[in-house]
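Engineer: Can you look at this prediction? I've put the sequence above it.
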Amino acid sequence: MYKIISKKKLTSTITQFEILVPLIAEKAKPGQFVVIRIDEKGERIPLTIVDKSNRGTITIVVLEAGKTTKQMNSLNAGDFLLNCVGPLGNPTEIKQYGTVVCIGGGVGIACVYPVVKAMKNIGNEVISIIGAKTKELLIFEKEIEEISDKLYISTDDGSKGYHGFVSNILKNLINEGKHIDLIFAVGPVPMMKVIADITRPHTIKTIVS
């Protein structure tokens, strides 16, 4: 059994949990995930490891999109998960690239956060671009701003930051002649396809997840 240490509502449908899993916290790297199961009848769902602490906890973010995620988001601090397996998946390659642009769309912003943190910690210049449909759906804005050299924000409805898409901000940076060594992007499939299409003619190394 794995104890939920804290719970925080980020938006009406996105919840952040801190879970006590010392062995996973010790080994977890940016880009990896865990698979959780709430109870014996529950399905297994993969969730990105957003952060970890020296207290033996990991942070995950859950978007309410179906029965299991709705059940997960109804849990509270002090409740337990039956299973939490990980860390799983290949970690993101963190090294000295130079200038790295990290792009997150929607709940993908949470997945980008650990990469922004790790890239900055080893000395890269990190430009972050985050976007959501409205300002109410933006998450990790303060956390990412604190560890980025520059943060750009976009909203589909123009309620905060640039009125438009994260891909438009990236295109503007490229057109302005900003030197970029690596682009790392996480978000909806259409967003990632547009980013790949934008970067392909410029031969900029691009990782979409």
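Structural biologist: Alright, I've got the coordinates.

Engineer: Residue 70: which element?
Structural biologist: Using DSSP states H and E, residue 70 sits within helix 67-73.

Engineer: which ones are touching the nearest residue to residue 192 once chain neighbours are set aside?
Structural biologist: Excluding the flanking residues, the one nearest residue 192 by Cβ to Cβ, 6 or more residues apart in numbering is residue 208, at 4.0 Å. Every C-beta, even on glycine, is put in place using the N, C-alpha and C of the backbone. Residues counted as contacts of residue 208 (Cβ atoms under 8 Å, 6 or more residues apart in numbering) are 185-186, 192, 195-196.

Engineer: Take these and, keeping just the buried ones, write it as a ChimeraX select command.
Structural biologist: Here is the ChimeraX command that selects the buried residues among the contacts of residue 208 (16 or more other Cβ atoms under 10 Å):
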select :185,186,192,195
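
Engineer: The contacts of residue 208 in strands, which ones?
Structural biologist: Of the contacts of residue 208, the ones assigned to strands by DSSP state E are 185-186.

Engineer: Which of the contacts of residue 208 lies at the shortest distance from residue 56?
Structural biologist: Distance to residue 56, by Cβ to Cβ, is smallest for residue 186 among the contacts of residue 208, at 25.9 Å.

Engineer: got the CA positions of the helix holding residue 70 in CSV?
Structural biologist: In CSV, the C-alpha atoms belonging to helix 67-73 read as follows (Å, rounded to 0.1, in the frame of the first residue of the first chain):
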residue,chain,number,x,y,z
LYS,A,67,-13.7,6.4,-14.4
THR,A,68,-10.3,5.6,-12.9
THR,A,69,-8.9,9.1,-13.1
LYS,A,70,-12.2,10.4,-11.6
GLN,A,71,-11.8,7.9,-8.7
MET,A,72,-8.2,8.8,-8.3
ASN,A,73,-9.0,12.5,-8.0
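
Engineer: Quick check: what element follows it along the chain?
Structural biologist: Using DSSP H and E, the next helix or strand after helix 67-73 towards the C-terminus is strand 80-81.

Engineer: tell me what that next one is packed against?
Structural biologist: Packing partners of strand 80-81 (3 or more Cβ pairs under 8 Å, 6 or more residues apart in numbering; DSSP states H and E): strand 2-9.

Engineer: Which strands border the strand it packs on, and is each parallel or antiparallel?
Structural biologist: strand 14-20 (antiparallel), strand 80-81 (antiparallel) (DSSP bridges).

Engineer: Mean neighbour count, the ones you listed: which tops it?
Structural biologist: Highest mean neighbour count of these: strand 14-20, a mean of 21 (counted as mean count of other Cβ atoms under 10 Å).

Engineer: mean confidence for the helix or strand following that strand?
Structural biologist: Next along the chain after strand 14-20, taking DSSP H and E as the criterion, comes helix 22-27. For helix 22-27, the mean pLDDT works out to 96.
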